[in-house]
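Engineer: Give me a 3D structure for the following:
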Amino acid sequence: MAGLKYYERTKLLIDLIEKKKTGRPKELARNLGLKERMVYNVLDDLRLALGKEICYCKETKSYIFLEKN
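Structural biologist: Residues are numbered from 1 along each chain as shown. Presented below is the predicted three-dimensional model:
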């Protein structure tokens, strides 16, 4: 069951990043039901799994995907 929760959170995070609606790290942690530190760990896992760069954009106040050159 814990694996399914992880999958659902990861899918939600990908959707929020694609829509540029993650909010600040603290808000994102609250929305995902995680501690702020765990958000950074999940983002690191996504970077490795997807092979995409993920960074925080101050203009949109959201995490975004960047294409690697």
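
Engineer: Leu16: what's its closest spatial neighbour, skipping adjacent residues?
Structural biologist: Leaving aside its sequence neighbours, Leu16 sits nearest to Thr22 (CB to CB, 6 or more residues apart in numbering; 4.5 Å). Every residue, glycine included, has its C-beta placed from N, CA and C.

Engineer: count of residues packed around the one you found?
Structural biologist: 26 (other CB atoms under 10 Å).

Engineer: In a strand, it, correct?
Structural biologist: No: Thr22: not assigned to a strand; according to DSSP: H, G, I helix; E, B strand; the rest coil it is coil.

Engineer: I figured Leu32 hits Leu13, correct?
Structural biologist: Yes: using CB atoms under 8 Å, Leu32 is in contact with Leu13, at 6.6 Å.

Engineer: Compare the two and say which is more crowded by neighbours.
Structural biologist: Leu13 (22 against 19).

Engineer: in what helix or strand does that one lie?
Structural biologist: Leu13 belongs to helix 2-19 when assigned by DSSP states H and E.

Engineer: So for that helix, what gets flagged as buried?
Structural biologist: By neighbour count on 16 or more other CB atoms under 10 Å, the buried set for helix 2-19 is 9, 13-14, 16-17.

Engineer: Good, wrapping up.
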